[in-house]
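[1] after the sequence you'll find the predicted model.
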Amino acid sequence: MYTRINEEISKFAHNMFAHCFLWTILLIAVVGCGEPDEATPAEDGFKKIFNGKTLDGWEGDPTYWRVEDGALVGEVTPSTLLDRNSFIIWQGDMPSDFELKVEYRISADGNSGINYRSERVEGVPYALRGYQADLDGQNRYTGMNYEERRRTTLAAIGEKVILPPMPETDSLETYIQNNQWTARNVVGSLGNVDSLKANINNGNWNEYHIIARGNHLQHYVNGALMSDATDRDTVNRRFDGRLGVQVHVGPPMKVEYRNFRIKRLN
């Protein structure tokens, strides 16, 4: 009799354990499959600046910019070819020192860039002048630091660069050759250029990560440091300014940006 009672107790305990275990697993699954927590980006200091639904907070030429499937889309068609680069510009406040993360996807013939610490060009609509985290569909420029309408290429892919002080009286053109700022000093390598480019997903989504702290500017793509520039040029460098993204002169192209978020650095 006691043996039968013990067996029944054992069976009951086993069934209760299995029942509780099953409900625990189901609860974890339900919680894990819920909607993403909108507060999550704020927990690590990042703030979203594009809502994925409208162009609220952004100013650009509607001929080239729209929102589609949660992305900020820039497109140039055969009937809307450009005679100069055109930007859509974030109208909100930009901290001087910051981290920016954004995902992008670009067509094979596309050419674009993320301008920061930039200024508007007087008399030219939707134009910016300043630092640019470059990107293109062929990955000839993706990751490099290019200064739009100023010193041109500051740090190419794989370069660690110091930009030395420059005399205030010299013209920029004196130091520009083949779209390169010849006064820059390449002080190190970030790795093999082909290996760095192999880290980029052609035709698919990638993450760009810009860190601007003081005069130190770093561009990462998919976690790989692509260019590193320290700007000691007190005449030409900038510590603040506008943020914008670009559609470029050339053949028809399409670029998409999503999940823009910025973190202030103190």
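    Okay, I see it. Numbers count the residues shown, from 1 in each chain.
[2] chain center to stretch 171-190: distance?
    Averaging C-alpha coordinates over stretch 171-190 and over its chain gives two centres that are 24 Å apart (CA atoms, centre = their mean, to the nearest Å).
[3] buried ones in that stretch?
    For stretch 171-190, a neighbour-count test (16 or more other CB atoms under 10 Å) marks 172, 176, 181, 183, 184, 190 as buried. All C-beta atoms are positioned from the backbone trio N, CA, C, and that covers glycine.
[4] of those residues, closest to residue 132?
    Proximity of the buried residues of stretch 171-190 to residue 132, judged by CB to CB, is greatest for residue 181, which lies at 12.8 Å.
[5] start and end of stretch 88-108, how far apart?
    In stretch 88-108, first residue to last residue: 21 Å (CA to CA, to the nearest Å).
[6] next: stretch 88-107.
    Chord length of stretch 88-107, first to last residue, is 18 Å (CA to CA).
[7] if we can go back for a sec, looking at the buried residues of stretch 171-190, which one is closest to residue 141?
    Among the buried residues of stretch 171-190, and counting by CB to CB, the member closest to residue 141 is residue 181, at 14.2 Å.
[8] mind listing what the closest residue to residue 78 other than its chain neighbours touches?
    Closest residue to residue 78 apart from its sequence neighbours, by CB to CB, 6 or more residues apart in numbering: residue 252 at 5.5 Å. By CB atoms under 8 Å, 6 or more residues apart in numbering, the contact set of residue 252 is 75, 76, 77, 78, 81, 109.
[9] got the buried residues of stretch 171-190 as JSON lines, with pLDDT and secondary structure columns?
    As requested, the buried residues of stretch 171-190 are exported to JSON lines (pLDDT from 0 to 100; DSSP: H, G, I helix; E, B strand; the rest coil):
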{"residue": "172", "pLDDT": "93", "secondary structure": "helix"}
{"residue": "176", "pLDDT": "97", "secondary structure": "strand"}
{"residue": "181", "pLDDT": "98", "secondary structure": "strand"}
{"residue": "183", "pLDDT": "96", "secondary structure": "coil"}
{"residue": "184", "pLDDT": "97", "secondary structure": "coil"}
{"residue": "190", "pLDDT": "98", "secondary structure": "coil"}
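[10] possible to save those residues as JSON lines with distance to residue 201?
    Shown next, in JSON lines, are the buried residues of stretch 171-190 (distance: CB to CB, whole Å):
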{"residue": "172", "distance to residue 201": "35"}
{"residue": "176", "distance to residue 201": "32"}
{"residue": "181", "distance to residue 201": "29"}
{"residue": "183", "distance to residue 201": "34"}
{"residue": "184", "distance to residue 201": "29"}
{"residue": "190", "distance to residue 201": "19"}
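[11] between those residues, which is nearest residue 69?
    The closest of the buried residues of stretch 171-190 to residue 69 turns out to be residue 190 (CB to CB; 33.6 Å).
[12] what does stretch 64-81 contact?
    50, 52-55, 58, 63, 82, 86, 88, 105, 112, 245-248, 250-258, 260.
[13] need the buried ones from those selected in ChimeraX.
    Selection of the buried residues among the contacts of stretch 64-81 in ChimeraX, burial being defined by 16+ other CB under 10 Å:
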select :50,58,86,88,105,112,245,246,247,248,253,254,255,256,257,258,260
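[14] just the contacts of stretch 64-81: which are in strands?
    Helix and strand membership here follows DSSP state E; of the contacts of stretch 64-81, those in strands are 58, 86, 88, 105, 112, 245-247, 253-258, 260.
[15] so the closest residue to residue 90 other than its chain neighbours: helix, strand or coil?
    Distances taken as CB to CB, 6+ apart place residue 243 nearest to residue 90, at 4.4 Å, with adjacent residues excluded. Per DSSP: H, G, I helix; E, B strand; the rest coil, the local secondary structure of residue 243 is strand.
[16] great, nothing more from me.
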